[in-house]
Structures are given as structure tokens and as C-alpha cells.
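Engineer: Just need the structure, nothing else, for what follows:
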Amino acid sequence: MNAGGPSRPFHWTLKRDGIIAPDERLPWGQTIAVGLQHIFAMFGATVLAPILMGFDPNTAILFSGIGTLIFFVIVGGRIPSYLGSSFAFIAVVNAASGLAAGGTPNIGVALGGIIAAGALYAVVGVVVMAIGYAWIEKLMPPVVTGAVVAVIGLNLAPVAISDLAGKDAATTSFNQIIGLITVLSVAGVAVYAPGILRRLPILLGGVIGYIVYLVLANGFGLGPAIDFTRLGDAAWIGMPNFTAPSFSTNAITLIAPVALVLVAENLGHVKAVGAMTGRNLDPYLGRAFLGDGIATMVAGFGGGTGVTTYAENIGVMAVTKIYSTLIFVIAAIVAIALGFSPKFGALIGTIPWAVLGGLAIILFGLIAATGARIWGENKVDFSKSRNLITVAAALTMGAGNFTVKIGDFEMGGIGTATLTAIILYQLLGARGNGEVAAAPA
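Structural biologist: Prediction:
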């Protein structure tokens with residue numbers, strides 16, 4: 001089966017109420033309003049990821065908008081998706097740039113690796129367009145994709161905790177309190193907020209944590225005060241901080257395998273959107289991979305993070321029943337406009353690390369939990385040794401950040417866990433489908 005998808009002309013049909021399909025649109029006023037809602041949905045995660053990697057969040061927002069438009073064009077407007085900063089890159093980018101070792105990050109080297117990952121991802125897309133997608137489903141069945149997604153969250157857990165560290169014991173204690181307040185705020189919004197607000201727990205929880213920090217630190221002097229000097233000096237309109245890539249074999253071999261993670265991630269997202277819309281989007285999988293890969297490469301050439309289709313925005317569509325791809329064009333244009341506002345970037349720069357750490361605890365935990373959700377939804381049978389051993393090895397290697405170094409070649413925990421899950425599952429084959437032995441006491 002050819003997965004390139006048909007190339008018939010695309011247009012939106014006006015519809016004023018009810019379920020809005022991908023090829024339908026609301027009146028312009030409502031379309032713009034819903035597009036802005038998707039900006040809020042992706043904002044928290046898309047801004048947090050570049051901050052944790054030492055990237056400029058303004059530039060990341062800009063390229064998320066550009067990437068979304070690239071994706072829209074390549075899939076022919078058939079798949080409603082927003083492309084935001086991918087968390088799969090954080091651990092390997094920090095290792096490649098030197099940020100993980102506590103030094104000044106070499107962003108250019110990391111960008112070279114991101115471009116390589118995007119290129120590999122795009123090649124997968126071209127192959128899928130040429131020969132179909134069945135081989136991907138065989139190579140990465142739900143037991144493997146669930147393990148890969150869970151590994152990302154577990155591998156990033158130390159990053160979240162380190163964000164709460166301060167310069168001394170008193171600062172660390174204050175940061176930890178703020179982090180816990182932020183966690184509780186996110187949880188409260190997700191469970192108790194009215195209506196559509198429940199779809200914005202990261203954004204609203206972060207705002208609450210920020211306000212509490214501002215009151216306690218700037219108002220009562222209980223922690224390091226937020227400095228608004230740069231915010232006051234920043235211009236409303238200006239050019240983003242573009243960064244040129246440089247290419248290092250070490251960074252490329254470390255970061256490029258993330259493409260496999262993105263394939264698994266995007267596959268799941270396209271399947272989810274197809275199920276929600278009641279349309280078979282499988283013929284567009286190849287285009288989706290290609291669009292995401294090219295968008296990641298473009299971001300890498302300018303200083304943006306690698307991008308991926310966003311589950312946050314899929315969640316908003318599930319609630320609103322509005323699947324029009326036009327709303328993502330609106331959201332992308334707004335994101336690009338925000339990228340050209342230094343004032344906006346300066347405001348993001350005032351967010352305390354304590355708040356970011358609290359948000360990261362939730363986000364990274366949600367990523368890990370999503371892996372378990374994939375297993376549950378696909379009824380993965382863990383009484384079978386093949387499944388259990390595959391997941392066990394991958395989780396331990398990923399959580400422990402098992403890094404392989406052979407000469408100039410280096411692969412971090414996420415990459416090694418991903419390859420281990422793929423290879424081990426295939427090697428075990430049918431012989432690994434028996435009942436698992438009881439664990440030793």
C-alpha cells in the first residue's frame with residue numbers, strides 16, 4: 001500500500017455547529033478563537049523544553065509555528081496537528097551540548113545533531129511513502145512504542161529534580177516548596193477547573209506557581225526575587241536570536257537516533273487523530289513523518305528545538321470536537337508573530353526554575369505514564385515473556401541512562417533503550433510468547 005496519500009485538491013467547507021471535520025471550518029471569528037486556544041495548549045510544554053536545553057524559547061516558538069505550516073503543506077491539510085518542542089531531545093541534546101556536565105552549552109553542536117535526526121526522520125517518511133507503513137507497525141508494535149515513550153519520561157526525571165536545586169539549603173527548600181505548589185496547582189486545574197480550562201493544566205498551573213513565587217519572593221523576601229529589568233528594557237518587536245548549526249560526529253551519533261522515538265510518537269498521534277475524526281489517516285503517515293522531519297531540520301538550521309506533533313493539542317480537539325486543520329494554520333501564524341517579540345521572550349525568561357521544575361515533574365511523569373496507557377489501550381499481554389523482557393530491559397537502560405561509547409560514537413540512554421526494545425522484541429520472536437516464570441522471592 002502506498003502511504004503517500006492522495007493528492008486531490010483541498011478546501012474547507014463552512015460549517016457553523018456540531019463536529020467540525022478536518023476539511024471543514026467554523027466562521028472566521030470562531031476559527032481564530034479556537035486557534036488561539038491551541039496556542040495556549042501547546043505553550044507550556046513548547047516553552048519549557050527549550051529552557052531546559054539552554055535554547056532561546058522565543059526562537060523555539062517561532063520555529064514551532066514554521067514547522068506546523070510545513071507539516072500542514074506536506075500532509076496536504078489532511079491531518080490536524082500542531083508541532084511543538086519535542087521532549088525526546090532534552091537528555092541527548094544536553095549531553096551533546098555539554099549542559100548536562102554543568103558547562104556553557106554549545107548550542108551549535110546540538111543543532112547539528114537535531115538536523116541529523118530530522119534528516120533520518122524524513123528518510124523514514126520517504127520510505128513509508130514509497131512502500132507503505134506495515135513494516136513500521138511490525139518493527140514497533142505497541143509493546144515497543146509504549147516502552148520507548150515511558151523511557152523518555154523516566155530518563156528525564158533527574159532533570160526535573162535538578163531544576164529545584166538552589167544555591168544553598170535555604171534556597172533549595174524554598175524552590176522545593178514552590179515546585180510542590182506548582183505540582184498541586186497543575187493537578188488542581190486538571191481535575192477541578194471548569195470546562196475547557198481542564199485542558200490547560202500546564203499553562204494555568206505554571207501561572208499559579210509563578211504568582212505564588214512572586215508574592216513570596218518579591219513581596220515577602222522568602223526567596224530570590226524575580227528580576228524584571230530585562231523585561232522592561234526589551235522591545236515589543238524585534239528579530240529572534242538565530243543560531244547557526246555546527247556538525248560534530250559525536251553529537252550526530254548521540255542525537256540522530258531520536259528519530260526512531262519521533263516515528264513511534266507520531267505514529268501514535270496520527271492513529272489517535274484518525275480514531276477521533278473517524279477517518280483513515282494511515283495513507284498520510286509517510287507525509288506526516290516527512291513533514292515532521294523537514295520541520296525539525298528547518299528548526300535546527302535556525303536555532304530551534306526538534307519538533308513533534310503535540311498530544312496537548314490532540315487533547316483539545318478531543319474536548320472541543322473541532323478538528324479543522326485551518327485552526328492550526330491560525331495557531332502557527334500567531335506563534336510566528338510571538339517569535340518576533342523580544343518582550344515576550346523576556347517575560348518567559350522571568351519564570352523561576354522552581355516553577356519550571358514543578359512543571360517538569362508533571363510533564364515528564366505524564367510522558368512515562370503515557371507509555372503505560374499505550375500498553376493498556378492495546379491490551380499488551382505481560383504474561384508473555386517476549387513482552388515483559390523487552391520492556392524490562394528498555395526501562396532499566398533508559399531510566400539509568402545507559403550510554404554506549406565506541407570511539408567517537410556515543411548513544412545515550414533513550415537511544416540505547418529504543419534500539420534495545422526494537423531488537424530484543426524481534427530476536428525473541430514467537431519463542432518468547434510463553435508464560436513468564438515467577439519472579440524470585
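Engineer: C-alpha only now, for contacts and for neighbours.
Structural biologist: Fine.
Engineer: how about the strands in the stretch 251-400 of the chain?
Structural biologist: Per DSSP state E, counting those that start in this stretch, the stretch 251-400 of the chain carries strands over the ranges 307-309.
Engineer: And the pLDDT at the spatially most central residue of the chain?
Structural biologist: With distances taken as CA atoms, centre = their mean, residue 86 lies nearest the centre of the chain, 3.1 Å away. Looking at residue 86, its pLDDT stands at 89.
Engineer: just residue 432 next, same as before
Structural biologist: 50.
Engineer: The nearest residue to residue 322 once chain neighbours are set aside: neighbouring residues, count only.
Structural biologist: Closest residue to residue 322 in three dimensions, ignoring its sequence neighbours and counting by CA to CA, 6 or more residues apart in numbering: residue 20, at 4.7 Å. If you count neighbours by other CA atoms under 10 Å, residue 20 ends up with 21.
Engineer: is it true that residue 20 touches residue 326?
Structural biologist: No: counting by CA atoms under 8 Å, residue 20 does not reach residue 326; the two are 10.8 Å apart.
Engineer: before we move on, the earlier item: how much space between the nearest residue to the residue nearest to the centre of the chain once chain neighbours are set aside and residue 12?
Structural biologist: The spatial neighbour of residue 86 that comes closest, neighbours along the chain excluded (CA to CA, 6+ apart), is residue 307 at 4.9 Å. From residue 307 over to residue 12 the distance is 26 Å, taken as CA to CA, to the nearest Å.
Engineer: what about those two, which has more around it?
Structural biologist: Counting neighbours by other CA under 10 Å for residue 307 and for residue 12 shows that residue 307 has the greater number, 32 against 15.
Engineer: Enumerate every residue touching the more buried one.
Structural biologist: For residue 307, the set of contacting residues under the criterion of CA atoms under 8 Å, 6 or more residues apart in numbering consists of 64, 67, 83, 84, 85, 86, 292, 295, 296, 299.
Engineer: Ok, residue 34 next?
Structural biologist: By CA under 8 Å, 6+ apart, the neighbours of residue 34 are residue 327.
Engineer: Assign a three-state SS to it, would you?
Structural biologist: At residue 34, secondary structure determined by DSSP: H, G, I helix; E, B strand; the rest coil is helix.
Engineer: re the thing from before, quick one: which of the contacts of residue 307 sit in helices?
Structural biologist: 64, 67, 292, 295, 296, 299 (DSSP state H).
Engineer: with those in mind, which one is nearest to residue 355?
Structural biologist: Within the ones in helices among the contacts of residue 307, distances to residue 355 taken as CA to CA reach their minimum at residue 64, with 22.7 Å.
Engineer: Now the closest one. Nearest residue, chain neighbours left out?
Structural biologist: Spatially, and ignoring its direct neighbours in sequence, residue 64 is nearest to residue 84 (5.2 Å; CA to CA, 6+ apart).
Engineer: same question, residue 146
Structural biologist: Using CA to CA, 6+ apart, the nearest residue to residue 146 is residue 371, at 4.0 Å.
Engineer: Count residues in the vicinity of the one you found, would you?
Structural biologist: When neighbours are defined as other CA under 10 Å, residue 371 has 22 of them.
Engineer: Just confirm it contacts residue 144, I think it does.
Structural biologist: No: the pair formed by residue 371 and residue 144 falls short of the contact definition of CA under 8 Å, at 9.3 Å.
Engineer: follow-up on the earlier one: ok, now which ones touch the residue nearest to the centre of the chain?
Structural biologist: Taking CA under 8 Å, 6+ apart, we find residue 86 in contact with 46, 49, 305, 306, 307, 308.
Engineer: element containing residue 422?
Structural biologist: Taking DSSP states H and E as the criterion, residue 422 maps to helix 413-428.
Engineer: Quick check: buried residues in that helix?
Structural biologist: If you call a residue buried by 16 or more other CA atoms under 10 Å, then helix 413-428 has these buried ones: 413-422, 424-426.
Engineer: Distance to residue 130 and pLDDT for these - can I get that in a markdown table?
Structural biologist: As requested, the buried residues of helix 413-428 are arranged in a markdown table below (distance: CA to CA, whole Å; pLDDT from 0 to 100):
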| residue | distance to residue 130 | pLDDT |
| --- | --- | --- |
| 413 | 31 | 82 |
| 414 | 28 | 81 |
| 415 | 26 | 80 |
| 416 | 28 | 87 |
| 417 | 28 | 90 |
| 418 | 25 | 87 |
| 419 | 24 | 88 |
| 420 | 27 | 92 |
| 421 | 26 | 93 |
| 422 | 22 | 91 |
| 424 | 27 | 94 |
| 425 | 26 | 94 |
| 426 | 23 | 93 |
